[in-house]
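Q: Sequence unavailable; structure follows:
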């Protein structure tokens, strides 16, 4: 689905889009223009992305020059923003070298984003911050509306708790802003709640989240759900690296009878109720199962059976930035984890 773009190696394609840009810059009084390279992200034939990146960078120079001319006409700056894949090297390998654009002064805002299938909850925002250091470019961490833990698995829409859980590590990691894409309080937009049920977004829930996104401190006080999802954009030929579904491959030393999954969480909560939810694929969860969070065992809620298990987690065992969840089973016991979430209660 992400390969519906035109071939940017063609001069007529380049000119088509440049004329669209000029139409905006030469006729409107605008403060800025977003160049959305994520719609769609594959702009060249496979294997031609690095050479194609030079074409796009030269096109970006033309747009920057046109934006500067518009700024002279209007008497105020005309800023340029770009959306690019969440991994800096993947972006470069797709011909979308946002770091190079920033260092050359071609852009004012960089937004690392997924395509659409699943919001990337593990954006390497600290790496982006380091790469953009000294450029003066603003960095916004992007969050999509769709939540899908693993490829081809069940999906739902992000709710306020999930969005808060995805946004907090971005702000802690140094993002200047949080950028929400495809969020709309229409009645048709359903969200998943921490207890696994669904309900509708409302204007109130959008407003509450929007105010909380103004600072990491305000966001950290909100109830939040930290999850694991996969990144839905890879450069052609890049291997899959999704954490879920997770199983015992028998090759992952030092977990010969289980697996380990990392959950990005942002600053550690203090004095808050925390719970871990683990969902297994059918037909059943393993009978002999031990769960560790940061090397501390967390017993399951008594009497809980079925594919979903809940584990209270002492807040004292949590670390800053991320948590490592180990799933240990009896040797040779098959299992498959399809969802892993850490819920942090609101600050009362």
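A: Looks like it arrived, so ask away. From a predicted model like this one, the values you see are computed outputs, not experimental measurements.
Q: show me where the chain has helices.
A: Assigned by DSSP state H, the chain shows helices spanning 11-27, 49-74, 88-93, 98-103, 125-132, 160-172, 203-212, 216-220.
Q: mind listing what's buried in the first one?
A: So the one you mean is helix 11-27. Residues 13-14, 21, 25 are the ones in helix 11-27 that count as buried (16 or more other C-beta atoms under 10 Å). (Each C-beta comes from the backbone N, C-alpha and C, glycine too.)
Q: what's the answer for the second one, then?
A: Counting neighbours by 16+ other C-beta under 10 Å, one finds that the buried residues in helix 49-74 are 49, 52-53, 55-57, 59-60, 63-64, 66-67, 70.
Q: With the last one instead?
A: By neighbour count on 16+ other C-beta under 10 Å, the buried set for helix 216-220 is 216, 219-220.
Q: Throw the helices of the chain into a markdown table and include distance to residue 300 and mean pLDDT, thanks.
A: Below are these laid out as a markdown table (distance: least, C-beta to C-beta, whole Å; pLDDT from 0 to 100):
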| stretch | distance to residue 300 | mean pLDDT |
| --- | --- | --- |
| helix 11-27 | 54 | 98 |
| helix 49-74 | 46 | 98 |
| helix 88-93 | 37 | 98 |
| helix 98-103 | 44 | 98 |
| helix 125-132 | 33 | 98 |
| helix 160-172 | 22 | 96 |
| helix 203-212 | 31 | 90 |
| helix 216-220 | 27 | 95 |
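Q: and of those, who's closest to residue 261?
A: Across those, residue 261 has its closest neighbour in helix 160-172 (15.2 Å, C-beta to C-beta).
Q: on that earlier part again, between the buried residues of helix 216-220, which sits nearest residue 290?
A: residue 220 (30.0 Å).
Q: how close does that closest one get to residue 266?
A: Separation of residue 220 from residue 266 (C-beta to C-beta, to the nearest Å) stands at 7 Å.
Q: which neighbours do those two share?
A: Counting by C-beta atoms under 8 Å, 6 or more residues apart in numbering, the shared contacts of residue 220 and residue 266 are residue 168.
Q: who's in contact with the closest residue to residue 22 other than its chain neighbours?
A: For residue 22, ignoring the flanking residues on the chain, the nearest one in space by C-beta to C-beta, 6 or more residues apart in numbering is residue 66 at 6.0 Å. Neighbour list for residue 66: 21-22, 25-26 [criterion: C-beta under 8 Å, 6+ apart].
Q: Adding distance to residue 85, write those out as TSV.
A: TSV is the format used below for the contacts of residue 66 (distance: C-beta to C-beta, whole Å):
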residue	distance to residue 85
21	21
22	26
25	26
26	30
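Q: care to break this structure down by domain?
A: Here the domain parsing of the chain from automatic domain parsing is 11-227, 258-344.
Q: most packed of the ones you listed?
A: Comparing the domains of the chain by mean neighbour count (mean count of other C-beta atoms under 10 Å), domain 11-227 comes out on top with a mean of 18.
Q: Quote the end-to-end distance of it.
A: 43 Å (C-alpha to C-alpha, to the nearest Å).
Q: residue ranges with poor pLDDT in the protein?
A: 1-2, 185-188, 192, 194, 196, 252-256, 348 (pLDDT under 70).
Q: Tell me which residue of it is furthest from the middle?
A: Note on the chain: the largest C-alpha distance from the chain mean falls to residue 73, namely 37.5 Å (C-alpha atoms, centre = their mean).
Q: Which residues are in contact with it?
A: Listed by C-beta under 8 Å, 6+ apart, residue 73 has no contact partners.
Q: how near is it to residue 53?
A: Distance from residue 73 to residue 53, by C-beta to C-beta: 30 Å.
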